[in-house]
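1. dropping a prediction and its sequence here:
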Amino acid sequence: MSRQFQVAPRLLQAERLTLAVLLSGVASLALSDFVSPFYWTLVVLFSAIRLWIGPRFSLRELHASLIGWAGLIWVGMELFLGRAWIVAFTDFLLILSLAIIIEEATPRNHLHRMLVGFFLILGAAVLTDSVLYVLPLATFTWFVWRAAQCLYGMQLRGSDLPLSPWRIDARIMVAIAISTTLLFILLPRFDFHSYLKPVQPRMQTSGFSTTVQLGDFARELDPTVIMRIEPVDEDIEQFRRTLDGRYWRGTSLGRFTGSGWKKLSEKGVKSWRQGEQATLSEIENGVRFAIYREASDHRYLFTPNGLGEVSQLPAAIQLGDQGSIWFQSPPSRRLRILMQMEAKDIERPWLRSPLSQEMEKSSIPIAVKQWSASIVGEAHRPELMVARLMSELKGWSYDLEVDIDSADPVGSFLKLKRGHCELYATALTLAARSQGIPARVVNGYSGGEWNEVGGFYLIRQQHAHSWVEAWIDGRWQRFDPTPASRWQLSAIRFPAMDEVWESVKLSWYRYVLEFQDSDRAQTFQSLVALFKRYAWWLLLFAAMGLFVMFLSTGRIKLPVVGWASGLIGLLDRWLMKRGVTRASSQSLRHLSLPQGVEEKEWKVFVRNWEGQAYGRAQKWSRSDLKRHLRALS
Amino acid sequence: MLGVLVGLWLAAFYSGNNLLYLCGAVLTALSAIAIWQGVRLLKLFPPIVGALPASMEAGEVFVLRKPVTLVTEATGVVDVKWFYASSGIELQARLEKSALLTGRMQAEKRGYHQLRRQTLMTTAPLGLWRIRHIRSEEGGWAVLPRPVPWMGFTSGGSSHQRQFEGDDLHDLRGYVPGDALSRIHWRKSASEMTRWSVKRFEQHQQDAGSVKLRVDLRLPKAAGEQAFEDLLGRAWYWVDSYLKRGETTVQVVFGDRHFDLTSDEQRQLFFIALADAEPQLNPPSDSDGLLLSLVEGQ
């Protein structure tokens, strides 16, 4: 491991650059939640040691390759023991990286590092969708450029060709960034398959499984983002007015177990395939918006009341007779779905009438029956009964920390008169049933957080909510018995930086991850609109920039090219004024005589020019050249 | 590299994964900019005609190592091939802050070669893509005859030194074949074995005047081609000897053309005439000066 050998300085430089390429790949892969922190920490640790000690800390190529082979066998064993293939795959890539990091510093090793770094970047493109991916991608591009230059210099005679100045390479990076953006926007999308789409770990939830225990779902102020909702049309105010206070329905729970709820089987009444448009109701003046649904362990698509259409379906969906909409299986990645909704609620004729389980009274605790009877009193009309129950419940306290008896949660809740939304919804549902009104609990989300920076709604896990649907007047009507103090808790504002960060993430999803052919024209329109809006500012900045460049360099450079025109440029301009245009490869002695110049003097000038340019004469400065040209004129 | 790009784009098109699109776009942009850099480097590569030697002798190996002025700030190596009728010159330019043109030039036969088509090639800046650019840069390469030493002339070589005998050392000059061994400054020459120094005396300087050589380019029927080459070799030996000394006004009547080698331009024209010389039918013009001829009875 610590054999002594001499390493050329250029090889040492390549060693650091190619290590940076490989580490950029490792960093990109480390963004994925499928990667074991142990392995990438190991890689980073060995990289640090290698950088600290230098190429002396190395193994021969054969020995390093044995580590790679051992890694392959190890990963095979991991698979055999039941590890997920995607995790085993990333483990293998990282073990391979480790072997290459400690391989002896040879040109072949540098090539290995570049190749593995490249494959890690590609692997990360599938295994993560984090906005932070752009950072290792940028460092990868920079270091690949520098490392390739270094390796190019090494293969030449003398092996000592220096790297180009970093300021030139920085301009090249700007050019690469611009070209990348253009290519990204202009190239067409052909979505033949989805296996290589970026995947993300599915979020664990508890409110949408077959059985839900009271207190499992909406009891924590968890800031985890569930979905982001951004307007498609330009009228932001209308979008806010329409979406403010919406209930985002997930699934309904119909059978009370004593300590929780069970779902009733829901029959699909209609289904739509991928790419189709699902029309639930005709919309006249609706609001259009896009939802970015995070990957989750359940298959439900949260839909707001008033929903009319769902378009650009990324996967097949089904509409159930209890009002839920679900995918065939829980999606493994973030989805973008377009929706259109009315400001008011719409009729939902597909909802079936109540089942016997939704009217069932045998499981209702005695305490609930007594309490509901005392609240309802003499009222006979269902609306009045529910209104009285609601009025009573809304006067109680909202408390997430309440100590509820798990054996009799509802009785305990009625006694304490404080609790969370699941308890309120459960109490109202059971109370309504005890009065002969079919009812059920609905789990979903409500409210949301408006992001001022990005202009979109953000629904977090802390907006999880339970409410009630009761069958009154031949239709299911929504009732929310939770006290208003609940919204003060879930409306906790996060620091301004969080708003900016969430806005950046949505922009990443919107303009990178979910960019489609249909977005191209819109992007150009937005750019044109932006340009029109800020044209004067842009012109002002451009003029100022040019002025600063002029002052600092004495001449205006092309921003990307950045190459000095030097004396030749000055001479060419002088020649053009005198009717001679010189090709870049044309020597002065083959030019025709410039106007107004004596032939003899011109020949002397050419000889002097060549003497300083090619010979041993002292090089001319700009003032020297100007002096010679003045003499000619 | 092309295979990697194609594979990456196929994966991106197949999957619709925008991050793969992003990777593909980055790699394509990187390659395109590298190619553009290479193309630009070659397009702005400066003319190199001035860097070539004014002339060289047939069979001589000339190691070129000359700086050229860059109009662009770039790093890389450019291979230059400059073609003439039957062959070409291969050079290499190493570009850093400045450019250094290097190469090994050798021509077996005398002649004046019109250089026209030039091929520039580089894999800079990344070594991934080989860029070739063909351009036309006009130039000439005068390959002079092999010098044929001769001692029979009246005012050159060793005979010249016999004329100027002084007492005061004036300066040193380079050794030319025919110089007396006694004139060599051995102490100075000891440190530089490849270039001997010869002492010049005051009287030598004072007596320096004008010399003229007339070269009769007629080739008798009995004489072969080699005789003509030897004639030219002798003429070149004579001229070179005087040019190396540098103190004398040298004039050459070359067939029907007259050259005053004091002027750089005339000297260059003489080199071209000498390199490109062919037998003529007419005797040389003018009458005085030293005559070199294959024709008997002159």
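-> Happy to help now that I have it.

2. around chain A, pick out the residues from the stretch 101-250 of chain B.
-> Within the stretch 101-250 of chain B, the positions near chain A by Cβ under 8 Å from any Cβ of the partner chain are B:Gln118, B:Thr123, B:Ala124, B:Pro125, B:Leu126, B:Gly127, B:Leu128, B:Arg135, B:Ser136, B:Glu137, B:Glu138, B:Gly139. Glycine gets a C-beta too; all of them are placed from N, C-alpha and C.

3. drop anything exposed from those.
-> Buried members of those, counted by 16 or more other Cβ atoms under 10 Å in any protein chain shown: B:Gln118, B:Thr123, B:Ala124, B:Pro125, B:Leu126, B:Gly127, B:Leu128, B:Arg135, B:Glu137, B:Glu138, B:Gly139.

4. ok, so of those, who is nearest A:Leu19?
-> B:Leu126 (18.2 Å; Cβ to Cβ).

5. distance between the top helix by length along chain B and the chain's centre?
-> Longest helix of chain B, by residue count under DSSP state H: helix B:18-43. Here helix B:18-43 shows a centroid-to-chain-centroid distance of 39 Å under the convention Cα atoms, centre = their mean, to the nearest Å.

6. now swap in stretch B:265-277 and tell me
-> Centre-to-centre, stretch B:265-277 and its host chain are 13 Å apart (Cα atoms, centre = their mean).

7. ok so, going back, tell me the one of the buried ones among the residues of the stretch 101-250 of chain B next to chain A nearest B:Leu64?
-> Using Cβ to Cβ, those come closest to B:Leu64 at B:Gly139, 13.3 Å.

8. strand partners of the helix or strand containing that closest one, parallel vs antiparallel please.
-> B:Gly139 belongs to strand B:131-144 when elements are defined using DSSP states H and E. Strand B:131-144 has these partner strands in its sheet, going by DSSP bridges: strand B:55-57 (parallel), strand B:111-122 (antiparallel).

9. dump those into JSON lines; add distance to A:Arg520 as well.
-> Shown next, in JSON lines, are the strands paired with strand B:131-144 (distance: least, Cβ to Cβ, whole Å):
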{"stretch": "strand B:55-57", "distance to A:Arg520": "62"}
{"stretch": "strand B:111-122", "distance to A:Arg520": "36"}
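
10. closest one to A:Ser28 among these?
-> strand B:111-122 (31.9 Å).

11. wait, what's in contact with the spatially most central residue of chain B?
-> Nearest to the mean C-alpha position of chain B, by Cα atoms, centre = their mean, lies B:Pro53 at 2.4 Å. Residues in contact with B:Pro53 (Cβ atoms under 8 Å, 6 or more residues apart in numbering or on different chains) are B:Phe62, B:Leu64, B:Met105.

12. same thing but 10 Å
-> Residues near B:Pro53 by Cβ atoms under 10 Å, 6 or more residues apart in numbering or on different chains: B:Glu60, B:Phe62, B:Leu64, B:Lys66, B:Met105, B:Trp141, B:Ala142.

13. can you tell me how far it is from A:Arg520?
-> Going from B:Pro53 to A:Arg520 by Cβ to Cβ, to the nearest Å gives 59 Å.

14. hmm, back to that, any idea how far the residue nearest to the centre of chain B lies from chain A?
-> Going from B:Pro53 to chain A by Cβ to the nearest Cβ, to the nearest Å gives 11 Å.

15. coming back round to it: tell me what angle the strand holding B:Gly139 forms with helix B:18-43.
-> Note on geometry: by axes from the mean of the first three to the mean of the last three Cα atoms, to 10 degrees, strand B:131-144 and helix B:18-43 are set 20 degrees apart in direction.

16. do you know the pLDDT at A:Leu161?
-> You'll see A:Leu161 listed with a pLDDT of 76.

17. not counting sequence-adjacent ones, nearest residue to it?
-> Nearest non-adjacent residue to A:Leu161, counting by Cβ to Cβ, 6 or more residues apart in numbering or on different chains: A:Gly153, 3.4 Å away.

18. beta partners of A:Ser252?
-> Per DSSP bridges, the residues bridged to A:Ser252 are A:Val442.

19. need the contact list for it.
-> A:Ser252 neighbours (Cβ under 10 Å, 6+ apart): A:261, A:263-264, A:266, A:320, A:322-324, A:351, A:358, A:440-444, A:468-469, A:476.

20. could you do B:Leu213 as well?
-> Counted by Cβ under 10 Å, 6+ apart, B:Leu213 has contacts B:153, B:155-156, B:234-235, B:238-239, B:242, B:250-254, B:259, B:261, B:284, B:289-292.

21. change it to 6 Å
-> Counting by Cβ atoms under 6 Å, 6 or more residues apart in numbering or on different chains, B:Leu213 makes contact with B:Trp238, B:Val252, B:Gly289, B:Leu290.

22. closest one of those to A:Leu527?
-> Each of the contacts of B:Leu213 was scored against A:Leu527 by Cβ to Cβ, and B:Val252 proved nearest at 72.4 Å.

23. any idea how many residues pack against the closest one?
-> 26 (other Cβ atoms under 10 Å in any protein chain shown).

24. mind checking the SS state of it?
-> Three-state assignment for B:Val252 (DSSP: H, G, I helix; E, B strand; the rest coil): strand.

25. contacting residues for it?
-> Contacts of B:Val252 by Cβ under 6 Å, 6+ apart are B:Leu213, B:Phe259.

26. and it, what are its bridge partners?
-> Listed by DSSP bridges, the beta-bridge partners for B:Val252 are B:Leu213, B:Phe259.

27. okay, stretch A:327-347 in CSV with CA atoms only?
-> Provided in CSV are the C-alpha atoms of stretch A:327-347 (Å, rounded to 0.1, in the frame of the first residue of the first chain):
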residue,chain,number,x,y,z
PHE,A,327,-53.7,4.4,-9.9
GLN,A,328,-53.3,0.7,-10.7
SER,A,329,-50.3,0.5,-8.3
PRO,A,330,-48.5,3.1,-6.2
PRO,A,331,-46.3,5.1,-8.6
SER,A,332,-42.6,4.9,-7.9
ARG,A,333,-41.8,8.4,-8.9
ARG,A,334,-43.1,11.9,-8.8
LEU,A,335,-46.0,12.5,-11.2
ARG,A,336,-47.2,15.7,-12.8
ILE,A,337,-50.9,15.8,-13.5
LEU,A,338,-53.0,18.5,-15.0
MET,A,339,-56.5,19.2,-13.4
GLN,A,340,-59.3,21.6,-14.0
MET,A,341,-61.9,22.5,-11.4
GLU,A,342,-64.9,24.7,-10.7
ALA,A,343,-65.0,27.2,-7.9
LYS,A,344,-68.1,25.5,-6.6
ASP,A,345,-68.7,21.9,-5.8
ILE,A,346,-69.9,19.7,-8.7
GLU,A,347,-72.5,16.9,-8.8
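
28. which parts of stretch A:427-444 are buried?
-> Across stretch A:427-444, burial judged by 16+ other Cβ under 10 Å covers A:427-435, A:437-444.

29. out of those, which are inside strands?
-> Counting by DSSP state E, the part of the buried residues of stretch A:427-444 found in strands is A:Ala439, A:Arg440, A:Val441, A:Val442, A:Asn443, A:Gly444.

30. just the buried subset of the contacts of B:Pro53, written out for ChimeraX, thanks.
-> Burial among the contacts of B:Pro53 is assessed by 16+ other Cβ under 10 Å; the matching ChimeraX selection reads:
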select /B:64,66,105,141,142
